[in-house]
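Visitor: Provided below are the primary sequence and the corresponding predicted coordinates.
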Amino acid sequence: MELTATPIPKRRRLNGTGLETILDFTALLTLVLGGLASLGIILFADVAGFLLFFSVAIGSFLNWLLLRSLAELIRLQKRIVGLDYAGRISGSYDDTVPTCGNCGAVLRSDVCCHGCGARLLKPDADGCPHLPNGSTIQ
């Protein structure tokens, strides 16, 4: 008997280079080329070249700003829809930092607190810190 199978359509995600990445790269390239062009103008032009220098420098900065803004809009729209996006959305973000349970200072060490000098207890696999005598802290 011949082995047969029916084709079953499955969805898969193909990740390519996003438009926001291309816009970011183009913005950076425009800024660098504009900066180099403005430096070339200031080095090889006379006093009248100052106006051209400032117009090229400001124009390249505004072009960079426009392209970065477009890339940011694409990222925000992709995040709203729930799609993956490349890069980072600007602005504030939440971060988790370890703090001392005694004084509340941000910890810079795994051993002790530099704010109050308290020795830090390491949590076990269950997440509860243990004292040296074996009892737990709840």
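Guide: Arrived safely.
Visitor: hmm, who's touching stretch 41-54?
Guide: Applying Cβ atoms under 8 Å, 6 or more residues apart in numbering, the contact partners of stretch 41-54 are 38, 56. In this view, the C-beta of every residue, glycine as well, is placed from N, C-alpha and C.
Visitor: start at 793, not 1
Guide: Sure thing, new numbering starts at 793, so read that last one as stretch 833-846.
Visitor: average pLDDT for it?
Guide: The average pLDDT for stretch 833-846 rounds to 80.
Visitor: likewise for stretch 857-869?
Guide: pLDDT averaged over stretch 857-869 gives 92.
Visitor: so what touches it?
Guide: 810-813, 815-816, 818-819, 822, 877-879, 881-882.
Visitor: so how far is the helix or strand hosting Leu821 from its chain's centroid?
Guide: Taking DSSP states H and E as the criterion, the element that holds Leu821 is helix 811-836. Offset of helix 811-836 from its chain centre (Cα atoms, centre = their mean, to the nearest Å): 21 Å.
Visitor: so which bits of that helix are buried?
Guide: Under the neighbour-count criterion of 16 or more other Cβ atoms under 10 Å, helix 811-836 has 812-813, 815-816, 818-819, 822-823, 826, 829-830, 833 buried.
Visitor: one more: stretch 864-883?
Guide: Under 16+ other Cβ under 10 Å, the buried positions of stretch 864-883 are 864, 866-867, 870, 877-878.
Visitor: quick check: the spatially most central residue of the chain vs Ala819, distance?
Guide: Residue closest to the mean C-alpha point of the chain, counted by Cα atoms, centre = their mean, is Arg880 at 3.9 Å. Distance, Arg880 to Ala819, using Cβ to Cβ, to the nearest Å: 14 Å.
Visitor: I figured Leu825 hits Ser852, correct?
Guide: Yes - using Cβ atoms under 8 Å, Leu825 is in contact with Ser852, at 7.2 Å.
Visitor: what segments of this protein are helices?
Guide: Secondary structure of the chain (DSSP state H): helices at 811-836, 841-873.
Visitor: for this structure, what are the low-confidence residue spans?
Guide: 793, 796-799, 804-807, 884-885, 915-930 (pLDDT under 70).
Visitor: nice, that's everything, thank you.
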